[in-house]
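S.K.: Okay, sequence plus prediction incoming.
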Amino acid sequence: MLKVLLINPPQYYYKGSSMFNVYFPIGLISMASMIEKISHVRLLDCLIEGFRKERTGDRTRYGSSKQTIEGELSKQMPDIIGISAPFSAQKGSVFETVDLCRKVCPQAIIVIGGPDATVQPGEYAKIGDYVITGEGEITLYELVKRISNGEHLCDTDGIAFLKAGRLVCNKTRYIDDLDGLPLPAYHLLDMKRYFSNKYLYRNRSILSDRSISIQTSRGCPYSCTFCSIHLHTGRIYRAHSPEYVLRHIRHLISYGIRNFHFEDDNLTLDRNRFEQILSLIYPLGINWDTPNGVRADTLDYSLLLKMKSAGCKALTIAIESGEPRVLRQIKKNLDLRKVEETASSCKRAGLRLSAFYMIGLPGETISDMKTTADLAVRMLDEYDVIPNLNIATPLIGTELYDLCKEKKYISEVSDQGLSEGTQIYGTPLITTDEFGSEDIGNLLKYYKRRLAIGIMKFAARHPFTIVRSAFSGKTDLRSLF
Ligand code: B12
Ligand code: SF4
């Protein structure tokens, strides 16, 4: 059997980046469980193996040193190396990892997949032998099988590669039958080392201890212009059955996990299925949250009560803008009256609620941005909605990115720019005739103060929540803004 090594590369962060997080490499272990019967599969999670933090100037590198990676490669000498490109902001690290692999294992076939490889396969095809786009489980299985059998690969769905210098992109694969996938190969991970890493899910609200991310469905039928999810998991919504979800959660409980982050693209889209999941997990006594956000217009008071009794401890919704015209422009398709109703119901149900807001979008005026920031202040004061006020980021592959390129609202986006460009304390990448980065900076300076006052009042109303966040040593209070 061929030896396959799957690598989660180290990560680079900058002064203005969001918080660094260690996380379970769910994508890699989901693929590992597909190929473990046809190969010898091992994992090298550089966010765990010989983990160290190294600062040079304003850049910090988190993860295994180059020597550790080289050592692992020469120990294992894999035939196939699969490398994850988890975020566009980490492209440089993937390139660096590929260089190390080429140096130590020149004979190995290098396959690159993951979110950034999916949105810019041409970049990764220059350095890897094959790129896998979209969901990787079935494609990697086929690739390993074909390589083992000495078959040709070029007509495999889901791969991209260079042929005579030209990029060939076969059809991206999204998996129809999610229940057909085996549970991720958690047994390949040393769980203790994840739980003892202080960066594990540091920004995942109040449930970061001994916690794990889990998805119960993939895909989203909406078309928000700033979101690239249609490229990663497609527009067709596919879901695990409630029974599969129960089996998955029970399996994780057997590892001593009681805190879960539901990271679905659209967890609550199918209400009937969601309610069935709630009924099944109710007796388990677990805690969970939805840090990736759920749509506010799918929730109501009776559902929120069911969610609370099934263990929901915190919810996140994405409001994005306080200006209906902007919401229409970004195709968010969200009614702000419904959002307010949901916030009020959450308060009544006693559920902690956070919201994402975004400013700095093409088509916005400074006054629109103030409307959004004012809404964030009011939602915090009236309904205890914890604000996450972010700067719009032109993620590669989105309609927003294409528009910004066409209108020259952005220049080349670097790893550092992408990493710093999203947060309230970062530097905006988009500038238009209506606003420059200084305008956004000034506006944020003013609203940071107002939101800080709001948070202090919130803290006085709910001392326990804030004290726990501040003293757990895991939550960076910057994440509250
Ligand atoms: C949970 C999550 C996080 C968590 C944990 C990360 C994780 N991967 O678990 C944390 C908090 C760390 C995080 C941070 C960020 N995130 Co995030 N995150 C997610 C989320 C919601 C779920 C990830 C997940 O569990 N997926 C489930 C598994 C099964 O999928 P997967 O890991 O992607 O793996 C599959 C494929 O990608 C592929 N694959 C992956 N690796 C490989 C490797 C090989 C060899 C092959 C063949 C295939 C392959 O096959 C796998 C199985 O199908 C995704 C959205 C999504 N639907 O995936 C966004 C997502 C990955 N995040 C995103 C972003 C933008 C960010 C942030 C920049 C946000 C911010 N403003 O700070 C930061 C990154 C910070 C930085 N500076 O680098 C974007 C990435 C887009 C991009 N091009 O960069 C996504 C896609 C959401 C989106 N569309 O906006 N995130
Ligand atoms: S932002 Fe949310 S609702 Fe909009 S397309 Fe992305 S996942 Fe779907």
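M.R.: Thanks, I have it. Ligands and ions are numbered 1, 2, ... in the order given.
S.K.: my guess is T225 contacts L327, does it?
M.R.: No. If you go by C-beta atoms under 8 Å, T225 and L327 don't touch, sitting 10.9 Å apart. In this view, the C-beta of every residue, glycine as well, is placed from N, C-alpha and C.
S.K.: The closest residue to E399 other than its chain neighbours: how many residues sit nearby?
M.R.: Closest residue in space to E399, ignoring its immediate chain neighbours: T225 at 3.9 Å, by C-beta to C-beta, 6 or more residues apart in numbering. Residues near T225, counting by other C-beta atoms under 10 Å, number 18.
S.K.: Check K370 too.
M.R.: Neighbour tally, K370, other C-beta under 10 Å: 16.
S.K.: give the contact list for it.
M.R.: L443 (C-beta atoms under 8 Å, 6 or more residues apart in numbering).
S.K.: pLDDT at it, what is it?
M.R.: Model confidence at K370, expressed as pLDDT, equals 98.
S.K.: One more: the one 4 residues further on?
M.R.: The model reports D374 with a pLDDT of 98.
S.K.: so is it in a helix, a strand, or just coil?
M.R.: The three-state assignment at D374 reads helix, by DSSP: H, G, I helix; E, B strand; the rest coil.
S.K.: just to revisit the earlier point, what's the distance between the residue nearest to E399 and V245?
M.R.: Separation of T225 from V245 (C-beta to C-beta, to the nearest Å): 31 Å.
S.K.: got it, and I48?
M.R.: For I48, the distance to V245 - C-beta to C-beta - is 26 Å.
S.K.: how close does the nearest residue to Y174 once chain neighbours are set aside sit to ligand 1?
M.R.: Among residues not flanking Y174 along the chain, G234 sits closest, at 3.8 Å (C-beta to C-beta, 6+ apart). Remark: distance between G234 and ligand 1 (C-beta to the nearest ligand atom, to the nearest Å) = 10 Å.
S.K.: Does G234 touch T133 like I think?
M.R.: No. Contact criterion C-beta under 8 Å: G234 and T133 do not qualify, at 11.1 Å.
S.K.: These two: who's more crowded?
M.R.: Each of G234 and T133 has its neighbours counted (other C-beta under 10 Å); T133 has more, 25 against 20.
S.K.: Please look at the more buried one and G113 and confirm they touch.
M.R.: Yes. Look at T133 against G113 with C-beta under 8 Å: they come within range, at 7.4 Å.
S.K.: tally of neighbours for I214?
M.R.: A count of nearby residues for I214, using other C-beta under 10 Å, gives 20.
S.K.: Let me know the distance separating it from Y186.
M.R.: Taken as C-beta to C-beta, the span from I214 to Y186 is 11 Å.
S.K.: Assign the residue in the stretch 251-400 of the chain that ligand 2 sits nearest to to helix, strand or coil.
M.R.: Residue of the stretch 251-400 of the chain nearest ligand 2, by C-beta to the nearest ligand atom: D265 (4.4 Å). Assigned by three-state DSSP, the conformation of D265 is coil.
S.K.: what sits against it?
M.R.: 217-220, 229, 233, 292.
S.K.: can you check I319 too?
M.R.: Taking C-beta under 8 Å, 6+ apart, one finds 296, 334, 336, 339, 355-357, 375, 379 in contact with I319.
S.K.: what about 10 Å?
M.R.: Contact analysis of I319 by C-beta atoms under 10 Å, 6 or more residues apart in numbering lists 293, 296, 327, 332, 334, 336, 339-340, 342-343, 355-358, 372, 375-376, 379, 385, 387-388.
S.K.: which ones among those are found in strands?
M.R.: 355-358, 385, 387-388 (DSSP state E).
S.K.: Between these, which sits nearest E406?
M.R.: Ranked by distance to E406 (C-beta to C-beta), the ones in strands among the contacts of I319 are led by M358 at 20.1 Å.
S.K.: Verify the contact between that closest one and E364 for me.
M.R.: Yes. M358 is within contact range of E364, at 9.4 Å (criterion: C-beta atoms under 10 Å).
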